[in-house]
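Asks: below are the sequence and a predicted model; questions follow.
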Amino acid sequence: MANATEPTTPISTSSISIAPIATRSASKASWTAFRALLLRDLTVLRKSLKEFIPRTLLQPFMLVFVFAYVFPKIGQGVGGGGAAAAAFSTQLIAGVIGLAVIFQGIQSVALPLVNEIGFTREIEDRVLAPLPVGMVGVEKIANGAINGLIAAVLVFPIAAIVPATPVHLQIKWLELITLAPLSAITAASLGLFFGTKFEPRQVPMLFGVIVLPITFLGAVYYPWSALSGVKAFGVPWLQILTLANPLVYMSEGFRAALTPTPHMSLWAVYPALIGFSLLLGVLGVKGFRKRVLS
Amino acid sequence: MSETVIRTEGLTKVYPGDIRAVNGLDLDVKQGEIFGLLGPNGAGKTTTAGMLTTRVVPTSGRAWVGGVEVSEHPALVKQVIGVVPQSNTLDRSLDVRENLYFHGRFFGMGAKESRREADRLLEVFRLTERATAPVLALSGGMAQRLMVARAIMHRPSILFLDEPTAGLDPQSRLALWEILGDLHRDGQTILLTTHYMEEADQLCARIAIIDHGELLALDTPEALKKSVGADTVVTVSAHGDLEVLSEVLRTKVPGASSARCVENAVVLEVSGGGGVLPIVIATADAAGFTVTDLSIAEPTLETVFINLTGKDLRD
């Protein structure tokens, strides 16, 4: 089949004209390329919505369905029945959105990158676009953040509607429109960092050893303040330990922005998310350069 | 048309573990020529191409592409080069046409211009019927044509091809040679790396022969072949100690300039070699060797390489 479509007569390229050696300014060309790379990624997202939507929705849906719908129905309500169950549903909505956002960092940035760098080598062509290599990494963060925000918007209705007990929402817009993008950028930076640190064969380990503890100990199912009850020798060790988990600040941030429930002080949430996104972003871009240049 | 578009000075790449992939390379590629880097696998060709195309950071030395120093302004260099890498780096998430379309957009084409140019190149490269196919559905030859189309889409001043026909069937290889010939006629400067001497011979105006990261010779194919100093190359297979046979042939065959053992045969270079075959057989016979196979050829780039390194290109 392949050979039948090979040309048998010479290909004429006579209409290809060669430009003289002339360049656009580096900054202008870089921004154009940056926007085009983003356009490419969003086109791929649009083309793969059929996979993006179930992959984004199913995990939060199952979580909310089992914990906040089935459990109350079968009398196993987390935190007891009635008002406590309603409080739990309200707790959970913020955590589930945080979870959806952080998963986008892994799924829309880290996983494709692991493959493109370590297996298909597709990244080599992207890196030849006329912009600094580091900006290709930054573009990955931008794309991951957009994916994360879309995921948050998709997941919100599920978390709000599915629970058997009413969810109490109290939306603080200023917090929401600042914390949501900040969370999405942090998650995407984390994705870039992981994407440049893992080989394709190590992906199961990424999920099993890294993503699992991040998601289970990310203040998704409980507010971070409640962990003060977990003590050894009078030290709330789990509460302290999980401060290293960026998901904690996302969940607590969404808790503050969406619900009237207790949450970590925003004086901690904002600096932590900014700090994490900067740290992971810089490490991610550095790691990216290191992986694609030799 | 003899303006220099690529220049390297002492270009060197040492990989971790003190692996000296390229060692002090000085090159000068002129506008409009097809320039070949010929050498066996591991000679440093791909590393050299990598340094010129910004993907490999030189350890020392300098390189200018289109008048721009590569290490200092990689993003500027990327505007003026087109690259066809050794492996298939087509965007698997996009279809055939989209691969070209987005490439155009990366390089600053508007949506309309990029779409029009993509369609035109699909036509030129006979891929129109596959425009909406996923790139993984393409045959090796078609994928390679698409990569060439992609590389020239933004009209680069210099086109780099790294082992462009490795792994292609003979028909696709010929088709690609045709494409490169046409591009050359249109004035495209091309630098290609290859370990196929026929490819270098057929396509290149000048060839740099490199091995172990060092430049061994640089000239036109004709001049390189002339440098061998013989007009006939006889390859002799025989039973027995070939080292002895090669010594016998070198000293006894009239006009023999050199003889050496390469891969279970003796390669004998002879000047004025009309009627040399009966003499070779008789000489071998007289020394007690039974010739099992015999072939005669003009010097090739392979001969040049053997003369320079004592081994053949396939090693």
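Replies: Thanks, I have it.
Asks: which residues of chain B score low on pLDDT?
Replies: Within chain B, the ranges that satisfy pLDDT under 70 run B:1-2, B:273, B:313-315.
Asks: and the residue of it closest to chain A?
Replies: B:S139 (3.1 Å; C-beta to the nearest C-beta). For every residue, glycine as well, the C-beta is placed using N, CA and C.
Asks: distance of that residue from B:I152?
Replies: Separation of B:S139 from B:I152 (C-beta to C-beta, to the nearest Å): 20 Å.
Asks: just A:I117 next, same as before
Replies: 26 Å.
Asks: and if you look at A:A188?
Replies: Here the criterion is C-beta to C-beta. By it, A:A188 lies 34 Å from B:I152.
Asks: higher neighbour count, the two?
Replies: A:A188 (34 against 23; other C-beta atoms under 10 Å in any protein chain shown).
Asks: in three-state terms, label the more buried one for me.
Replies: Classification of A:A188 by DSSP: H, G, I helix; E, B strand; the rest coil places it in helix.
Asks: gap between the helix or strand harbouring B:L146 and the chain center?
Replies: Per DSSP states H and E, B:L146 falls inside helix B:140-153. Relative to the chain's own centre, helix B:140-153 is displaced by 18 Å; criterion: C-alpha atoms, centre = their mean, to the nearest Å.
Asks: dump the residue contacts of residue 220.
Replies: Answering for chain A, as no chain was given. Taking C-beta atoms under 8 Å, 6 or more residues apart in numbering or on different chains, we find A:V220 in contact with A:L92, A:G95, A:V96, A:G98, A:L99, A:L247, A:S251.
Asks: not quite, I wanted chain B
Replies: Listed by C-beta under 8 Å, 6+ apart, the contact set of B:T220 reads B:A205, B:R206, B:I207.
Asks: dihedrals phi and psi, it?
Replies: Torsion angles at B:T220 (phi, psi; degrees, to the nearest 10) stand at phi -70, psi 160.
Asks: cool, and B:N88?
Replies: Backbone torsions for B:N88, taken as degrees, to the nearest 10, come to phi -70, psi 110.
Asks: what about the nearest residue to it once chain neighbours are set aside, neighbour count?
Replies: Closest residue to B:N88 apart from its sequence neighbours, by C-beta to C-beta, 6 or more residues apart in numbering or on different chains: B:A143 at 5.4 Å. By other C-beta under 10 Å, 22 other residues sit near B:A143.
Asks: what about the strands in the stretch 51-200 of chain B?
Replies: Per DSSP state E, counting those that start in this stretch, the stretch 51-200 of chain B carries strands over the ranges B:60-65, B:68-69, B:81-84, B:158-162, B:189-194.
Asks: and these: which comes nearest B:I6?
Replies: Of all these, strand B:60-65 sits nearest to B:I6, with 5.5 Å by C-beta to C-beta.
Asks: is the closest one in proximity to chain A?
Replies: No - contact of strand B:60-65 with chain A (C-beta under 8 Å from any C-beta of the partner chain) is absent, the minimum separation being 9.2 Å.
Asks: pairing partners for that strand, with directions?
Replies: According to DSSP bridges, strand B:60-65 has the following sheet partners: strand B:4-15 (antiparallel), strand B:68-69 (antiparallel).
Asks: for the residue nearest the centre of chain B, list each beta-bridge partner.
Replies: For chain B, the residue nearest the mean C-alpha position is B:T194 (2.3 Å; C-alpha atoms, centre = their mean). The partner list for B:T194 in beta bridges (DSSP bridges) reads B:L38.
Asks: confirm for me that B:E243 is in contact with B:C261.
Replies: Yes - in this structure, B:E243 is within contact of B:C261 by C-beta atoms under 8 Å, at 6.0 Å.
Asks: compare those two (neighbour count), which wins?
Replies: Neighbours were counted for B:E243 and for B:C261 using other C-beta under 10 Å; B:C261 has more, 16 against 12.
Asks: what's the closest residue to the more buried one other than its chain neighbours in contact with, if anything?
Replies: Once flanking residues are discounted, B:C261 sits nearest to B:L242: 4.6 Å by C-beta to C-beta, 6+ apart. Residues in contact with B:L242, defined by C-beta under 8 Å, 6+ apart, are B:C261, B:N264, B:A265, B:V266.
Asks: in the stretch 151-294 of chain A, what residue comes closest to chain B?
Replies: A:S294 (5.2 Å).
Asks: quick one: that residue is in a helix?
Replies: No - residue state for A:S294 (three-state DSSP) corresponds to coil; a helix is not indicated.
Asks: tell me where the stretch 1-150 of chain B has helices.
Replies: Assignment of helices within the stretch 1-150 of chain B using DSSP state H, counting those that start in this stretch yields the ranges B:45-52, B:74-80, B:96-106, B:111-124, B:140-153.
Asks: before we move on, the earlier item: and the residue of chain B closest to chain A, its phi and psi?
Replies: Torsion angles, degrees, to the nearest 10, at B:S139: phi -70, psi 170.
Asks: what about it, how many neighbours?
Replies: B:S139 has 18 nearby residues by other C-beta under 10 Å.
Asks: low-confidence ranges, chain A, go.
Replies: A:1-23, A:77-83.
Asks: quick revisit: turn the strands of the stretch 51-200 of chain B into CSV, including distance to A:T165.
Replies: Below are the strands of the stretch 51-200 of chain B laid out as CSV (distance: least, C-beta to C-beta, whole Å):
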stretch, distance to A:T165
strand B:60-65, 66
strand B:68-69, 65
strand B:81-84, 59
strand B:158-162, 63
strand B:189-194, 67
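Asks: quick check: buried residues in the helix holding B:L146?
Replies: Neighbour counts using 16 or more other C-beta atoms under 10 Å in any protein chain shown place B:141-153 of helix B:140-153 among the buried residues.
Asks: alongside chain A, which residues does the stretch 151-300 of chain B contribute?
Replies: Residues of the stretch 151-300 of chain B found near chain A (C-beta under 8 Å from any C-beta) are B:152, B:155-157, B:169, B:171-172, B:175, B:178-179, B:182-183, B:185-188.
Asks: which of those residues are buried? Put it as a ChimeraX command.
Replies: Entered in ChimeraX, the line below selects the buried ones among these, by 16+ other C-beta under 10 Å:
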select /B:152,155,156,157,172,175,178,179,182,183,186,188
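Asks: which ones among the residues of the stretch 151-300 of chain B next to chain A are found in helices?
Replies: Among these, the residues falling in helices (DSSP state H) are B:I152, B:Q171, B:S172, B:A175, B:E178, B:I179, B:D182, B:L183, B:R185.
Asks: state the helix or strand in which A:L39 lies.
Replies: Assigned by DSSP H and E, A:L39 belongs to helix A:26-47.
Asks: ok, now B:V228?
Replies: Using DSSP H and E, B:V228 maps to neither a helix nor a strand.
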